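Novice: Compute the structure for the input listed below.
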Amino acid sequence: MDESMVMFTVSQLKIMTAQHVLKEAGIQSFVVDKMDSAHAGIFGEIELYVAKEHQIEAKLVLIENEILT
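Specialist: Now for the predicted structure:
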């Protein structure tokens, strides 16, 4: 399966909210956490991915729910 990143952030809460909103819309997502555990919130980011065929729909859902601007 080809995946596309739809957003990244340093906020665990924002990623969890985005995943919940996408799940409610029927879109599966997964997270890649690239945060440096020794420097949480300073170095790295958390990335949210969906299947490539759902990329546009996922971004629209996240924009509608004011998670992406």
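
Novice: what about the longest helix in this protein?
Specialist: Taking residue count as the measure and DSSP state H as the definition, the longest helix of the chain comes out as helix 12-24.

Novice: Can you show me the strands along the chain?
Specialist: Listed in chain order, the strands of the chain (DSSP state E) span residues 3-9, 29-33, 46-51.

Novice: just those strands: most buried one?
Specialist: Counting by mean count of other Cβ atoms under 10 Å, strand 46-51 has the highest mean neighbour count of the strands of the chain, with a mean of 20. Quick note: C-beta positions are derived from backbone N, CA and C, even for glycine.

Novice: so it versus strand 29-33, what angle?
Specialist: Angle, strand 46-51 to strand 29-33, by axes from the mean of the first three to the mean of the last three Cα atoms, to 10 degrees: 150 degrees.

Novice: Give me the mean pLDDT for strand 46-51.
Specialist: The pLDDT scores in strand 46-51 average 96.

Novice: Please apply the same query to stretch 59-69.
Specialist: Summarised as a single mean, pLDDT over stretch 59-69 is 95.

Novice: helices or strands up against the longest helix of the chain?
Specialist: strand 3-9, strand 29-33, strand 46-51, helix 55-64 (3 or more Cβ pairs under 8 Å, 6 or more residues apart in numbering; DSSP states H and E).

Novice: Could you tell me how far it lies from the centre of the chain?
Specialist: Shown here is helix 12-24, whose average C-alpha point lies 7 Å from the average C-alpha point of the whole chain (Cα atoms, centre = their mean, to the nearest Å).

Novice: Buried ones in it, by neighbour count?
Specialist: With burial defined by 16 or more other Cβ atoms under 10 Å, the residues of helix 12-24 counted as buried are 14-15, 18-19, 21-22.
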